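dropping the sequence and predicted coords here.
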Amino acid sequence: MSDAAALLHPGAPDSPVILHVPHSSRAVPADVRAGILLDDRALEGELDHITDSHTAEIAARAAAAARITPWRFENRLSRLVIDPERFPDEREEMLARGMGAVYTRTTHRDELRPADFDGRPLVERYFHPYARAMTDAVEERLEAAGRAVILDVHSYPAKALPYELHGDGPRPPICIGTDALHTPPGLLEAARQAFAGFGGTGLDSPFAGTYVPLRHYGKDARVGALMVEIRRDLYMSEPGGPAGPGLDALAGALAALVEWVTGDGVTG
């Protein structure tokens, strides 16, 4: 398997939108698998819980349905290899759960890797190249369209898992993650309207924030960002089961949000 975790699917040359799918894959390279303590059955179970199953398909169908095709940036490897959305240092609050850029604990707080595991080689091999590729993709959208809008496509379980830091909060059908600088009011309202038909939307619970490359994070308001967290019982059998009929409706809602961004031309 190639070391390249990132796969960029081209969109329309003038589209500002990047659909970011960081957690949909279950792929773990053999040499990385060798450093994981779980047996094969336990690893499959962990992948069922930790993977945002079918989110790549939701993004792909949304892109196909949109009038102006967005770009898609997809992680081809499991987040058990590296999690590209974590801070790679002490800023990451999930270090308290053994789930920084390189996980050492499972969703149920069991050992995933040895306590003395050195994750730095994985960060160098996978995390930094992924971050550079995403930064480049954003820079290209800024140059081509004058702005970039990252729509982060995730899913989460209907019932909280032990690893969650904020699992006691609301778990709406659609959780919208925001950032004070990068999620302007118009983008947030468009997301609420696009996903209004699924039983309700909530804000930053149980998961909060957005993904923006560190070069732009907190600095460049031309980069808009919003996280869409879809509760898994809307479209699949949990954990890790097949997709159901809800997948198409969710893809349509995501396409509607893409249409708003590209048609409205405003991120602020």
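Cool, the structure landed.

where along the stretch 51-200 of the chain do the strands fall?
Using DSSP state E, counting those that start in this stretch, the strands of the stretch 51-200 of the chain run over residues 71-75, 148-156, 174-177.

pLDDT weak spots in the stretch 1-150 of the chain?
Of all residues in the stretch 1-150 of the chain, those with pLDDT under 70 make up the ranges 1-3, 90.

one more time with 80, if that's ok
Along the stretch 1-150 of the chain, the parts satisfying pLDDT under 80 run over 1-4, 89-90, 92-96.

the helices in the stretch 51-200 of the chain, which residues?
Using DSSP state H, counting those that start in this stretch, the helices found in the stretch 51-200 of the chain span residues 55-65, 120-122, 128-145, 185-194.

can you list the strands of the stretch 51-200 of the chain in TSV and add distance to Ile36 and mean neighbour count?
Just so you know, the C-beta spots here come from the backbone N, C-alpha and C atoms, and that holds for glycine as well. Compiled in TSV, the strands of the stretch 51-200 of the chain are given as follows (distance: least, C-beta to C-beta, whole Å; neighbours: other C-beta atoms under 10 Å):
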stretch	distance to Ile36	mean neighbour count
strand 71-75	18	23
strand 148-156	23	24
strand 174-177	28	23
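
for Pro242, find the nearest of the ones you listed.
With C-beta to C-beta, the closest approach to Pro242 among those belongs to strand 148-156: 13.8 Å.

need the CA coordinates for the closest one. CSV is fine.
Once non-C-alpha atoms are left out, strand 148-156 reads as follows in CSV (Å, rounded to 0.1, in the frame of the first residue of the first chain):
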residue,chain,number,x,y,z
ALA,A,148,-12.0,28.3,0.2
VAL,A,149,-14.8,26.6,2.2
ILE,A,150,-14.0,23.3,3.9
LEU,A,151,-17.0,21.1,4.7
ASP,A,152,-15.9,18.4,7.0
VAL,A,153,-18.0,15.2,6.6
HIS,A,154,-18.2,13.0,9.7
SER,A,155,-20.5,10.6,11.5
TYR,A,156,-20.9,9.7,15.2
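
what pairs with it, and is each one parallel or antiparallel?
strand 17-21 (parallel), strand 223-231 (parallel) (DSSP bridges).

most tightly packed of those strands?
Ranked by average neighbour count under the criterion mean count of other C-beta atoms under 10 Å, those are headed by strand 17-21 at a mean of 27.

retrieve the pLDDT associated with His182.
What the model reports for His182 is a pLDDT of 98.

list the contacts for the closest residue to it other than its chain neighbours?
If you skip the residues right next to it in sequence, His182 has Ala225 as its closest partner in space, 4.1 Å away by C-beta to C-beta, 6 or more residues apart in numbering. Residues in contact with Ala225 (C-beta atoms under 8 Å, 6 or more residues apart in numbering) are 149-152, 179, 182-183, 210-212.
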